[in-house]
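Participant: just coords:
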């Protein structure tokens with residue numbers, strides 16, 4: 001809490017006098033109270049996380065050092081390290097303090113971790129028992145300096161003998177938590193341009209010690225988040241930062257060698273890590289903090305910051321002498337402007353949808369997940385909010401919200417998530433921060449219909465983009481006709497009114513297909529409508545044609561067209577296939593499958609339910625089917641099949657507006673007899689299979705790949721949402 005008072009004091013000292021100064025001071029005080037309340041509020045998920053961390057740490061903290069030493073000597077650490085080809089080299093500089101070193105190594109031995117790594121301990125002329133004990137621990141690479149050369153030089157020496165692609169620097173006065181390396185490696189492999197990534201440092205009481213840091217214009221460094229809760233959603237997402245602590249930091253080996261290691265001008269300690277972060281940035285790399293990787297820092301075990309104030313100050317002056325020109329663009333001491341917390345981002349974007357994307361369950365979530373990731377890659381600060389999934393008037397205390405893998409997947413890529421009911425609602429967030437926005441993206445008609453008035457009121461300067469996913473009213477109209485449901489037609493009229501109103505009031509509208517754009521051109525001629533097709537990874541063919549067999553249907557069953565498609569497939573199409581080509585097996589996969597489908601018991605139909613990873617099936621089946629009788633927009637199941645090089649049989653509705661051509665990219669059939677014969681034809685004709693596999697994949701790569709969308713999105717941002725200066 002002390003850091004908050006420090007922040008408030010620094011801000012008020014810089015305020016102008018008079019009425020304006022009083023007004024701003026009141027605003028700062030209100031913000032301070034909000035932060036204070038955030039950190040005092042008890043989050044159910046934070047209690048659960050704290051309990052897990054404490055259960056892991058207590059045996060290590062409470063075990064006698066002699067017992068930990070015995071366990072390490074008996075090979076506890078050796079079971080964890082990679083004997084050959086480590087991906088990461090963990091470098092631990094030590095100077096005395098053997099008990100801290102043993103506890104650190106014990107935590108590494110006990111923490112769950114699936115990353116292959118080696119451990120290099122660089123003993124900087126320790127005068128305790130370290131030279132006798134550490135060389136006896138199996139699995140440890142031990143190096144000793146004959147004289148005390150300091151932290152930076154020890155790091156450089158350890159790096160010179162490292163074998164890993166990544167170098168991870170770890171203080172010996174730390175305790176690592178499970179998957180401490182996994183999330184840092186994930187950062188380098190999934191977040192573009194990262195050269196240096198740091199863990200979040202927790203104090204022994206599990207509050208934040210540091211979540212990245214700010215460097216002000218005079219070279220002073222400030223630990224962001226010090227004393228706050230690390231479990232609040234506002235401090236759980238990857239963020240670009242001025243520096244990260246080398247108490248736990250990972251760097252690309254090639255970058256470390258290009259820089260020449262840590263600068264030795266800073267002597268034994270302080271500012272060498274900050275200096276390296278600035279060196280990384282001038283070479284075009286990003287410096288980020290990854291909160292999914294957590295380390296407990298026990299404190300200044302070998303040096304105390306208070307006792308070394310003179311050394312810190314002298315090194316600050318050295319740092320300022322080297323980087324003064326770069327620091328000129330930084331804020332004055334005590335400044336906490338948003339750009340001080342993230343100098344990399346150029347635009348601020350809020351995305352509101354009906355819920356968090358679940359990309360392993362439905363097509364719309366795949367598109368939304370990739371859109372959020374691409375926005376972040378294109379230097380946007382992205383905030384994502386679901387729109388009120390809880391009933392109005394329900395007290396938040398009734399909900400035990402947990403941070404699930406879908407939220408973590410976004411946070412680990414740098415997307416701030418507003419998690420109800422623990423954080424601000426989208427309306428409250430807009431009221432408070434709307435003036436900072438450059439772009440607001442509203443996904444689906446009912447979300448846009450509800451949120452557009454808030455956007456106009458609280459963020460009038462921001463551009464509003466309505467992301468339709470598909471034109472819902474067209475889908476509902478067609479469903480009413482196919483299923484002879486007059487009530488669906490009434491619902492479609494209401495949806496049409498909301499959808500067209502959202503299109504008129506938005507600055508831009510995005511649809512998935514050319515047919516939808518043509519329809520809107522006739523219906524709302526003044527609207528600015530863009531076509532952004534499905535966003536998909538395009539891995540290509542995973543296995544040759546030989547050995548493939550079976551037919552695959554994939555679809556989320558909350559989407560009613562998929563329920564109808566499977567019903568038609570089993571009732572009318574598959575009996576014909578069974579007669580024409582006995583023995584062929586149909587695989588049905590999808591989330592939230594109704595009981596009527598789950599209970600199907602046929603020898604040639606396998607009902608799998610939800611499968612998170614479909615790669616094995618796409619590598620083994622001969623073809624996929626999309627027997628859709630109604631719908632709108634593009635069909636994710638068709639695009640995904642083609643992106644794996646697996647030919648598909650679909651209907652005219654299934655390829656509507658896509659540009660796909662029957663006989664060139666896939667087969668199209670609209671009657672049960674024709675559909676069944678197309679399935680059998682693809683199952684037996686190898687030449688046709690090869691031709692459709694190649695042309696279908698090429699179409700998917702050209703139209704649906706992430707690289708093609710990156711170019712579309714970058715062009716849109718450059719033209720309509722200029723970057724902030």
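Facilitator: Arrived safely, thanks for sending. This one's a predicted model, so the numbers in the text were calculated from it and none came from an experiment. Residues are numbered from 1 along each chain as shown.

Participant: all contacts plus neighbour counts: C-alpha atoms, from now on.
Facilitator: OK.

Participant: count of residues packed around residue 668?
Facilitator: Using other Cα atoms under 10 Å, residue 668 is surrounded by 23 other residues.

Participant: actually residue 640, not the one I wrote
Facilitator: When neighbours are counted by other Cα under 10 Å, residue 640 registers 25.

Participant: can I assume residue 465 sits in a helix?
Facilitator: No: checked against DSSP: H, G, I helix; E, B strand; the rest coil, residue 465 lies outside a helix; its state is strand.

Participant: isn't it right up against residue 508?
Facilitator: Yes: contact status for residue 465 versus residue 508: in contact at 4.7 Å, counting by Cα atoms under 8 Å.

Participant: Looking at those two, which has the bigger crowd around it?
Facilitator: Shown here are residue 465 and residue 508; by other Cα under 10 Å, residue 465 has more neighbours (24 against 19).

Participant: so where is the stretch 251-400 of the chain shaky, pLDDT-wise?
Facilitator: Residues of the stretch 251-400 of the chain that meet the criterion pLDDT under 70 lie in 268, 300-311, 388-400.

Participant: Strands of the stretch 301-450 of the chain, residue ranges please.
Facilitator: 347-353, 380-386, 416-417, 439-443 (DSSP state E, counting those that start in this stretch).

Participant: quick one: contacts for the residue nearest to residue 230 when sequence neighbours are not counted?
Facilitator: Setting aside the residues directly before and after it, residue 230 is nearest to residue 208 in space (Cα to Cα, 6 or more residues apart in numbering), at 5.5 Å. Shown in contact with residue 208 (Cα atoms under 8 Å, 6 or more residues apart in numbering): 200-202, 225-230.

Participant: Which strand or helix spans the nearest residue to residue 320 once chain neighbours are set aside?
Facilitator: Leaving out its chain neighbours, the residue that sits closest to residue 320 by Cα to Cα, 6+ apart is residue 219, at 5.5 Å. Residue 219 belongs to no helix or strand when assigned by DSSP states H and E.

Participant: show me the contacts for residue 442.
Facilitator: Applying Cα under 8 Å, 6+ apart to residue 442 gives the contacts 351-353, 448, 451, 464-467.

Participant: would JSON lines of those with distance to residue 657 be doable?
Facilitator: Output for these, formatted as JSON lines (distance: Cα to Cα, whole Å):
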{"residue": "351", "distance to residue 657": "26"}
{"residue": "352", "distance to residue 657": "26"}
{"residue": "353", "distance to residue 657": "24"}
{"residue": "448", "distance to residue 657": "24"}
{"residue": "451", "distance to residue 657": "29"}
{"residue": "464", "distance to residue 657": "25"}
{"residue": "465", "distance to residue 657": "21"}
{"residue": "466", "distance to residue 657": "19"}
{"residue": "467", "distance to residue 657": "17"}
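
Participant: of all those, which two lie farthest apart?
Facilitator: The most widely separated members of those, counting by Cα to Cα, are 353 and 464 (13.6 Å).

Participant: okay, these two: which has more neighbours?
Facilitator: Neighbours were tallied for residue 353 and for residue 464 using other Cα under 10 Å; the higher tally belongs to residue 464 (25 against 22).

Participant: OK, contacts around that one?
Facilitator: Per Cα under 8 Å, 6+ apart, neighbours of residue 464: 439-442, 455, 506-508.

Participant: quick one: which of these has the most company?
Facilitator: Neighbour-wise, the contacts of residue 464 (other Cα under 10 Å) top out at residue 442, 27 neighbours.

Participant: partners of that residue in the sheet?
Facilitator: residue 352, residue 466 (DSSP bridges).

Participant: hmm, back to that, now flag whichever of the contacts of residue 208 is closest to residue 712.
Facilitator: Among the contacts of residue 208, and counting by Cα to Cα, the member closest to residue 712 is residue 200, at 34.9 Å.

Participant: Could you give the backbone dihedrals for that closest one?
Facilitator: Main-chain dihedrals, residue 200, degrees, to the nearest 10: phi -80, psi 140.

Participant: Repeat that for residue 140.
Facilitator: Dihedral pair for residue 140: phi -110, psi 130, per degrees, to the nearest 10.

Participant: That one against residue 80, yeah?
Facilitator: No: applying Cα under 8 Å, one finds residue 140 not in contact with residue 80, separated by 10.6 Å.

Participant: what about stretch 463-478, average pLDDT?
Facilitator: Average pLDDT, stretch 463-478: 90.

Participant: Tell me where the stretch 601-725 of the chain has strands.
Facilitator: 605-609, 623-626, 648-650, 667-668.

Participant: could those be laid out in CSV, adding mean pLDDT?
Facilitator: Converted to CSV, the strands of the stretch 601-725 of the chain look like this (pLDDT from 0 to 100):
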stretch, mean pLDDT
strand 605-609, 93
strand 623-626, 96
strand 648-650, 97
strand 667-668, 97
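
Participant: In strands, which of the contacts of residue 208 appear?
Facilitator: Among the contacts of residue 208, the ones falling in strands (DSSP state E) are 200-202.

Participant: PyMOL command for the buried members of the residues you listed?
Facilitator: Applying 16 or more other Cα atoms under 10 Å to these, the buried members can be selected in PyMOL as follows:
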select buried, resi 200+201+202
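
Participant: ok, so of the ones in strands among the contacts of residue 208, who is nearest residue 607?
Facilitator: Proximity of those to residue 607 (Cα to Cα) peaks at residue 200, which lies at 43.6 Å.

Participant: hey, which strand is longest across this protein?
Facilitator: strand 286-297.

Participant: That strand pairs with which strands, parallel or anti?
Facilitator: If you go by DSSP bridges, strand 286-297 pairs up with strand 174-176 (antiparallel), strand 194-202 (parallel), strand 239-240 (antiparallel).
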